[in-house]
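Undergrad: Only the shape, not the letters, is given here:
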């Protein structure tokens, strides 16, 4: 049995204006303004979101709360899936799982999501979050197209 | 094969001041103030947290963002586990999984967490969240005692 | 904030022959014969499956392998969801998460699944597994109706 | 914000005989013989397990049951973690989550697990399973060193 490598799917984009659609939708997520999150790269099947460290986002040890890390991981997954959905569709989270790998401390938390499998109804994404250069969390999520 | 029912464990409390310890710790989670969350019941193996609906906590459809629902579910699970941990310990999230069951809309989102199995190192909790009277999310989480 | 209790949904059965449909489908899961699993209770939104302890189902410590416990948890969740689906439908697992709580040892492993929320397309179930009288695993799963 | 790439950790091997230890342990998982699973590559932080398609491993549609796919994914994750654990240790699954991405059909199901983060007590692994050349499932798992 030889080693199998993940061959990256070349994702099929159904809506040429996927990036504009994602960026417009992000502006409507008011919680992103509350926590200071910014949308980064928006590519077919890939989205990045970052949030700067702020004291008012912390848990009891002074790290960014896992729920806030989840907030940007979840939105990154949702938008990664949304880049591949047709114009006029909407996206919702079905479920996600997060493993917390290291304290979310430093100056910036960055989430990067990639589509793992895009289906007509359900899309599965994985995402990692880094606290500066340290991998701090990972998500595996299911999104639904409505 | 007859129906098996979950027999509620009678949890052993190791620290008689578990409630004070949980409430003091909650005050240190600064993100709870940012989102307006309040700590409710604190009982052996059970903790409740509620957050009022606010426009600045919403996603693109005007519902509370799944990450904010996760924030109170995660803290409720962490503190439910923490009620059973010894004095002087600290608690951290190892991982959690959330299923989103219905839109988080209404006037208040309430999370209620219960310990499912308490171990010396790892504690597993389940939690539900209601948007007013509607079950809107459920979590299964692992917490670690340090 | 008062304690919120889970109010059991009274599930709407769409197919009066749900039990026959589930039992017939179970007979077609050939892996169940391989591992010696038996279908127990089949009620609206609730299904039980048991597997007797056998040495050829074990992992390195002599306990039932987590994958075998998962096999009956997954089928129990699938069939619990299937009890509420219409005649002529089929059910598939979208995803599940399992926490292993205690060694799966003893004479019988029993899984009991309950529907947490039934939707037209997606149904979320939770399930517990007991090794004799000891809670040994818990699952949170998403099923899809085709 | 520039794209962040996952930089592969260079894992520290604590036991030079990690491969022999893994292969010996695999022989003790009797369920692997029952389902016909074979151990493939064993490298620092990476393990592969394959199971041939057999009719007696199937669910109602003639695909390999998700629980059997989970069985090899879980063992692959456990052994990937185990390659990095010290001599004399033992490994147990804490929890895992699986997304089913496509039907597990064809001639062989292969699972490949990689360590995502190795800790002294807890190790997080991700794994993919392919049905021949088709990605059919993915796992995110937590393992504990005893």
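TA: Received, thanks. Remember, predicted model here, so these are calculated numbers, not experimental data.

Undergrad: that's a helix at residue A:23, yeah?
TA: Yes. Counting by DSSP: H, G, I helix; E, B strand; the rest coil, residue A:23 falls inside a helix.

Undergrad: I'd say it and residue A:42 touch.
TA: Yes. Residue A:23 lies in contact with residue A:42 (Cβ atoms under 8 Å); the separation is 6.5 Å. No exception for glycine: its C-beta is placed from N, CA and C like everyone else's.

Undergrad: Enumerate every residue touching residue A:49.
TA: Shown here is residue A:49, whose contacts under the criterion Cβ atoms under 8 Å, 6 or more residues apart in numbering or on different chains are A:32, A:37-40, A:72, A:75-76, A:79, A:110-111.

Undergrad: Now neighbour count, secondary structure and pLDDT too, for these, in JSON lines please.
TA: Output for those, formatted as JSON lines (neighbours: other Cβ atoms under 10 Å in any protein chain shown; DSSP: H, G, I helix; E, B strand; the rest coil; pLDDT from 0 to 100):
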{"residue": "A:32", "neighbour count": "24", "secondary structure": "helix", "pLDDT": "98"}
{"residue": "A:37", "neighbour count": "23", "secondary structure": "coil", "pLDDT": "98"}
{"residue": "A:38", "neighbour count": "16", "secondary structure": "strand", "pLDDT": "98"}
{"residue": "A:39", "neighbour count": "22", "secondary structure": "strand", "pLDDT": "98"}
{"residue": "A:40", "neighbour count": "18", "secondary structure": "strand", "pLDDT": "98"}
{"residue": "A:72", "neighbour count": "30", "secondary structure": "helix", "pLDDT": "98"}
{"residue": "A:75", "neighbour count": "29", "secondary structure": "helix", "pLDDT": "98"}
{"residue": "A:76", "neighbour count": "30", "secondary structure": "helix", "pLDDT": "99"}
{"residue": "A:79", "neighbour count": "27", "secondary structure": "helix", "pLDDT": "98"}
{"residue": "A:110", "neighbour count": "23", "secondary structure": "strand", "pLDDT": "98"}
{"residue": "A:111", "neighbour count": "30", "secondary structure": "strand", "pLDDT": "98"}
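
Undergrad: can you put these in TSV and add distance to residue B:115?
TA: Shown next, in TSV, are the contacts of residue A:49 (distance: Cβ to Cβ, whole Å):
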residue	distance to residue B:115
A:32	33
A:37	32
A:38	38
A:39	38
A:40	38
A:72	29
A:75	30
A:76	31
A:79	35
A:110	33
A:111	30
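
Undergrad: Spell out whether stretch A:61-68 and chain D are in contact.
TA: No. On the criterion Cβ under 8 Å from any Cβ of the partner chain, stretch A:61-68 is out of touch with chain D, staying 14.3 Å away.

Undergrad: interface residues of chain A facing chain D?
TA: A:1-4, A:6, A:38, A:40-41, A:46, A:48, A:50, A:97, A:99, A:101-102, A:110, A:112, A:116-117, A:124, A:126, A:128, A:130, A:135, A:138, A:140, A:142.

Undergrad: Just the buried subset of those residues, please.
TA: Buried members of the residues of chain A next to chain D, counted by 16 or more other Cβ atoms under 10 Å in any protein chain shown: A:4, A:38, A:40, A:46, A:48, A:50, A:97, A:99, A:101, A:110, A:112, A:116-117, A:124, A:126, A:128, A:130, A:135, A:138, A:140, A:142.

Undergrad: Also near chain C: which of the residues you listed, exactly?
TA: Among those, chain C is touched by A:97, A:124, A:142 when using Cβ under 8 Å from any Cβ.

Undergrad: Pick the one among these closest to residue B:146.
TA: The nearest member of those to residue B:146, counting by Cβ to Cβ, is residue A:97 at 22.1 Å.

Undergrad: how far away is that closest one from chain B?
TA: With distances taken as Cβ to the nearest Cβ, to the nearest Å, residue A:97 is found 4 Å from chain B.

Undergrad: Given the host helix or strand of that residue, what are its sheet partners and their directions?
TA: Element membership for residue A:97, per DSSP states H and E: strand A:91-100. Strand A:91-100 pairs in its sheet with strand A:134-145 (antiparallel), strand B:91-100 (antiparallel), by DSSP bridges.

Undergrad: okay, those strands, which one's buried deepest?
TA: strand B:91-100 (a mean of 25; mean count of other Cβ atoms under 10 Å in any protein chain shown).

Undergrad: which residues does the residue positioned nearest the centre of chain A contact?
TA: Nearest residue to the geometric centre of chain A (Cα atoms, centre = their mean): residue A:76, 1.8 Å. Neighbour list for residue A:76: A:47-49, A:111-113, A:127 [criterion: Cβ under 8 Å, 6+ apart].

Undergrad: and stretch A:80-100, how far out from the chain's middle?
TA: 9 Å (Cα atoms, centre = their mean, to the nearest Å).

Undergrad: end to end, how far does it reach?
TA: 21 Å (Cα to Cα, to the nearest Å).

Undergrad: now the strands for chain A?
TA: A:38-43, A:46-52, A:91-100, A:108-118, A:122-131, A:134-145 (DSSP state E).

Undergrad: got the angle for the last one vs strand A:108-118?
TA: Put simply, strand A:134-145 runs at 40 degrees to strand A:108-118, going by axes from the mean of the first three to the mean of the last three Cα atoms, to 10 degrees.

Undergrad: got the angle between strand A:134-145 and strand D:122-131?
TA: 40 degrees.

Undergrad: Give me the mean pLDDT for strand A:134-145.
TA: The pLDDT scores in strand A:134-145 average 98.

Undergrad: same check, this time on the second one
TA: Summarised as a single mean, pLDDT over strand A:46-52 is 98.

Undergrad: swap in the fifth one?
TA: The predicted model assigns strand A:122-131 a mean pLDDT of 98.

Undergrad: Whether that strand contacts chain B - can you check?
TA: No. Judged by Cβ under 8 Å from any Cβ, strand A:122-131 and chain B are separated, with a smallest distance of 11.8 Å.

Undergrad: helices or strands next to that strand in the packing?
TA: Judged by 3 or more Cβ pairs under 8 Å, 6 or more residues apart in numbering or on different chains; DSSP states H and E, strand A:122-131 is in contact with helix A:66-82, strand A:108-118, strand A:134-145, strand D:134-145.
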